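**Student:** below are the sequence and a predicted model; questions follow.
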Amino acid sequence: MSDDAKKFGAMGGKKSAANMSKKALKERAQKASQARWQKGIPTAQYGSPDRPLRIGDLEIPCYVLDDQRRVLIQRGMMTALDIKQGTATRGAGDRLSKFIGTKALSSFVSPELGQMITNPIVFQVGGATAYGYEATILADICDAVLAARKAGALNYQQDHIAEQCELLVRAFARVGIVALVDEATGFQAERSRDALAKILESFVQKELRKWVRTFPPQYYEQLCRLRDVAYPPPSMKLPQYFGILTNSIVYDRLAPGVKDELKRITPRTESGKLKDKMFQRLTDDVGNPKLLEHLASVVALMKISPDYETFELHLNKALPKWSDTLQLALDD
């Protein structure tokens, strides 16, 4: 542009501004500022809201940016990790930052990962501004959570997140090896567009049964009340003897011999601890429905009991322990 053109353009702009109201001037300045800002941020080149990454029943909006970064939307990450939105005032990003900054997780999160979560990627998609993270961060968070669980640093309220992380890591590993074989053999050019997504979905649907949260929160809330324990406990961990109580309240009353059989068929760690929850070994058609029915009755009895002694009286009357040798159907 020539100097004369710039001069007359500036004069025209000043003349136009002189005839505008303060409100119009402010709006024009905001639009100009936004336009300058948007020039510096990446744009989604591939992806759309109706084509999310599907993992079982989960749907995570995903995009590939014009700089080839693969990103997942913030709230989709929260959903994938089964982290509740909570009361954070600034949305999913703050909630995720708060989660990794907890005492249980902070020492297992690298400074680089923490920095990326604290500063999400801002990008344009369909004319709107979106916030997300590079897709690989989801696996990094899962690794940190599982490392914290292995070290015994998680509290009971974070157990379900660790279970979700294990499910995701196992699913990604399976799909990853399939993708690598397809690439090495050249089959990736022949496979259908959504073949990997279908493999991922089928695997998760198969494995998800293992991670369903069966014991309702009300069970632990009422048990804490009856045992005069703060809920949630200050240490964020339930007393160890609650496991003994649960054996008596639940597993000794499901069916004859069921507790001993569940303990027998559930794998153990080197230290002797059960690797899985005992209820994960119950059959879908008999054992699990019976457990859900039993828990519903137990919670109802808890709610009408003023103390643990009264609850035990109600429990022994309504749901007595078994004494014969019949077995409830179990999965091997």
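**Tutor:** Great, that's in hand. Numbers count the residues shown, from 1 in each chain.
**Student:** in the stretch 201-332 of the chain, which spans are helices?
**Tutor:** 217-226, 241-246, 252-254, 258-265, 287-303, 308-318 (DSSP state H, counting those that start in this stretch).
**Student:** between helix 217-226 and the longest one, find me the angle.
**Tutor:** Okay, so that is helix 287-303. Between helix 287-303 and helix 217-226, the angle comes out at 40 degrees (axes from the mean of the first three to the mean of the last three Cα atoms, to 10 degrees).
**Student:** between helix 287-303 and helix 308-318, how big is the angle?
**Tutor:** Interaxial angle, helix 287-303 versus helix 308-318 (the same axes, to 10 degrees): 130 degrees.
**Student:** buried residues in stretch 136-150, which are they?
**Tutor:** Neighbour-count burial for stretch 136-150 flags 137-138, 140-146, 148-149 (criterion: 16 or more other Cβ atoms under 10 Å). The C-beta positions use only the backbone N, C-alpha and C, and glycine is treated the same way.
**Student:** quick one: contacts of that stretch?
**Tutor:** By Cβ atoms under 8 Å, 6 or more residues apart in numbering, the residues outside stretch 136-150 that reach it are 70, 72, 77, 80-81, 100, 104-105, 107-110, 113, 116-117, 154, 158-159, 161-162, 165-166, 168-169, 172.
**Student:** select only the buried ones of the residues you listed in PyMOL?
**Tutor:** Buried subset of the contacts of stretch 136-150, written as a PyMOL selection, criterion 16+ other Cβ under 10 Å:
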select buried, resi 70+72+77+80+81+100+104+105+108+109+113+116+117+154+158+161+162+165+166+168+169+172
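**Student:** so which of the contacts of stretch 136-150 sit within helices?
**Tutor:** 77, 80-81, 100, 113, 116-117, 159, 161-162, 165-166, 168-169, 172 (DSSP state H).
**Student:** can you pull out the strands in this protein?
**Tutor:** Here the chain has its strands, by DSSP state E, at 44-46, 53-55, 58-60, 62-65, 70-73, 121-125, 128-134.
**Student:** the third one pairs with which strands, parallel or anti?
**Tutor:** When sheet partners are counted by DSSP bridges, strand 58-60 sits next to strand 53-55 (antiparallel).
**Student:** what does the first one give?
**Tutor:** Strand 44-46 has the following strand partners under DSSP bridges: strand 62-65 (antiparallel).
**Student:** who wins for proximity to residue 199 among the helices of the stretch 201-332 of the chain?
**Tutor:** Relative to residue 199, the nearest member of the helices of the stretch 201-332 of the chain by Cβ to Cβ is helix 287-303, separated by 26.1 Å.
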